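>>> next one to model:
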Amino acid sequence: MIRAGRQHLVRTLADIAAQQGIAVQTLLNSGRHLEPGFPAPLGAGRTRLYDGAQVDAYLAGRPVPALPTDDDNQDLLDRQEAAALRGEPLSVWDRRRKDPAVREHLVLVGGVEHWPRRVVRGYTPAPRRRTGSGGGGRPAGSGDQVPRDQLPGHVAQLLKKDPVLTAADVADRLGVHPNTAQAALVQCRAERIADVIEQRGLTAADAAAALGYPAGQTRRATVRAHAVLRGRQALPYLAAVAQALHARGWRAADTPPAVQHPEDDLCVAALVLDVPAAPAPALVWSERHGWRTATSRRHPLGRGAAWPPPGDGIHHLATGTTPAPADVVTALDSTD
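From the prediction side, this is the model:
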C-alpha cells in the first residue's frame, strides 16, 4: 500500500531507470531491482511501484529507511489490498470498484488503481436496482448522450449549482457512463480549485472547502489541481516548442498543445507533426521525462502514462524535462 502522505514519492520501474539514465529494459535485464536489499514493491500487483525515499537511499548506498507501519484512513490500497481489507475475493472487489460511490474516490498512482482506506472500509453496497425505464444513468449498451467535447461545460454548470455533485448524479442527469462522468467531474473540480488557489493563495484543501466541495469527494481533484497549475505554468514553454516546430516546417500551425493528465499528479502533452516531411508522426512531452517521439498521430500518448524505452520508432530527445525549443528541433533533426 501507499502510506498516507507518500503518494508524491511513488516511482515506477520506468522512473527508476530514467533516474539512472538507462532504459527500463536495461534495468529489468540487470535484475538489480531483484537484488537483496532493494526496496520491496509497495503492492503485489503486476505493475511494481516503489517508495522514492527508499529507492534514493538504496542507490546512494545509504540504509533504506523503514516505511510507516500505523494504518491511516488516507492510506491508498490497491485491488488486492482492498479485497483483503474487506475479507472478500478479488472478483467481488472488482465488481464493487465499478460502483460510482467507489469509483469517484479512485486514485491512479503509476498507472495503478488505488482507493483510500476509509473508502474501502466504509463502503456499503447499495441495493441493486432493477434496470428499465425507471433506472438512472445510461441504458446498457447505449452510447453517451452528451458528446465528449460538450461534457465539461455541462458538468461545470451542474457543479456550479450543486457543489456536492457526485459522479452518479452526472451519469443520471447527462446519460453518460459513470467512468466518463467521474473523469469529467474530477477535471472540472480540479480546474476550479486551481482557479481559487491562483486567485486567493489558498491550499488545495482550503480552496475545495471554499467552493463547498465535500472533503470526501475531492481527494483526486485536489491532487489534480496542483497538476493543472503546473500545466498552466508549462504552457508558455510548450507554446515556444510548438512555434519552433512550425518554423522548422514540421507543423502546419503553431498552436500550443493541450496539457493532459493521464494520472492525477502528472502533466503530459502531445504535438502532432502533421506535415508529410516531418521525421516523426508526433512528439510527446512529460513533466517527469521530457520529450520523445511517438509512432502514432492518432494516439501519440499510447496507453496511460507509461514512458516507453527507445526503439521501434521511439526516440528520447535532448536532455532534461524542459530543453530549449531549438534543442528539441536539433535532436529531432538527428533522428532522420
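>>> and residue 271, that one's in a strand?
Yes - judged by DSSP: H, G, I helix; E, B strand; the rest coil, residue 271 forms part of a strand.
>>> these two touch, right, it and residue 246?
No - proximity of residue 271 to residue 246 does not meet the contact threshold set by Cβ atoms under 8 Å, at 9.8 Å. Yep, even glycine has a C-beta here, placed from its N, CA and C like the rest.
>>> these two: which is more packed in?
residue 271 (24 against 17; other Cβ atoms under 10 Å).
>>> is the more buried one in a bridge, and if so with what?
residue 283 (DSSP bridges).
>>> residues in contact with it?
Residue 271 makes contacts with 238, 241-242, 245, 251, 257, 282-285, as judged by Cβ atoms under 8 Å, 6 or more residues apart in numbering.
>>> before we move on, what about residue 318?
By Cβ under 8 Å, 6+ apart, residue 318 lies in contact with 290-291, 324, 327-328, 330-331.
>>> relative to residue 233, how far out is it?
20 Å (Cβ to Cβ, to the nearest Å).
>>> ok, now residue 170?
From residue 170 to residue 233 the distance is 29 Å (Cβ to Cβ).
>>> these two: which has the busier surroundings?
Neighbour tally, residue 170 and residue 233, criterion other Cβ under 10 Å: the higher count belongs to residue 170, 28 against 12.
>>> now the more buried one. Nearest residue, chain neighbours left out?
Spatial nearest neighbour of residue 170, excluding adjacent residues (Cβ to Cβ, 6 or more residues apart in numbering): residue 181 at 3.7 Å.
>>> that neighbour is in what secondary structure piece?
Using DSSP states H and E, residue 181 sits in helix 178-200.
>>> what's the following helix or strand past that helix packed up against?
Once the chain leaves helix 178-200, the next helix or strand it forms, by DSSP H and E, is helix 204-210. The contact analysis (3 or more Cβ pairs under 8 Å, 6 or more residues apart in numbering; DSSP states H and E) places helix 204-210 against helix 178-200, helix 219-247.
>>> give the buried residues for helix 204-210.
Buried residues in helix 204-210, defined by neighbour count with 16 or more other Cβ atoms under 10 Å: 204, 207-209.
>>> what does it contact?
Outside helix 204-210, the residues that touch it by Cβ under 8 Å, 6+ apart are 189, 193-194, 196-197, 200, 202, 215, 218, 221-223, 225-226.
>>> quick one: which two of the residues you listed are the most distant?
Spatial extent of the contacts of helix 204-210 (Cβ to Cβ) is set by the pair 200 and 223 at 19.2 Å.
>>> in a strand, that's where residue 15 is, yeah?
No - assessed with three-state DSSP, residue 15 is helix; it does not lie in a strand.
>>> circling back to that earlier point, which stretch among the helices and strands packed on helix 204-210 comes nearest residue 25?
Across these, residue 25 has its closest neighbour in helix 219-247 (27.7 Å, Cβ to Cβ).
>>> give me the distance from that closest one to the chain's centre.
Mean-position distance between helix 219-247 and its chain equals 14 Å (Cα atoms, centre = their mean, to the nearest Å).
>>> same check on stretch 36-56?
19 Å.
>>> buried ones in that stretch, by neighbour count?
38-39, 42-43, 45, 47-52, 54-56.
>>> then stretch 253-272?
For stretch 253-272, the neighbour count (16+ other Cβ under 10 Å) marks 256-257, 259-272 as buried.
>>> show me where this protein has its helices.
13-19, 24-30, 52-59, 79-86, 90-96, 100-103, 117-122, 151-161, 167-174, 178-200, 204-210, 219-247, 325-333 (DSSP state H).
>>> take these and write them to CSV, including distance to residue 68.
Converted to CSV, the helices of the chain look like this (distance: least, Cβ to Cβ, whole Å):
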stretch, distance to residue 68
helix 13-19, 21
helix 24-30, 27
helix 52-59, 11
helix 79-86, 15
helix 90-96, 24
helix 100-103, 25
helix 117-122, 13
helix 151-161, 35
helix 167-174, 31
helix 178-200, 27
helix 204-210, 21
helix 219-247, 19
helix 325-333, 41
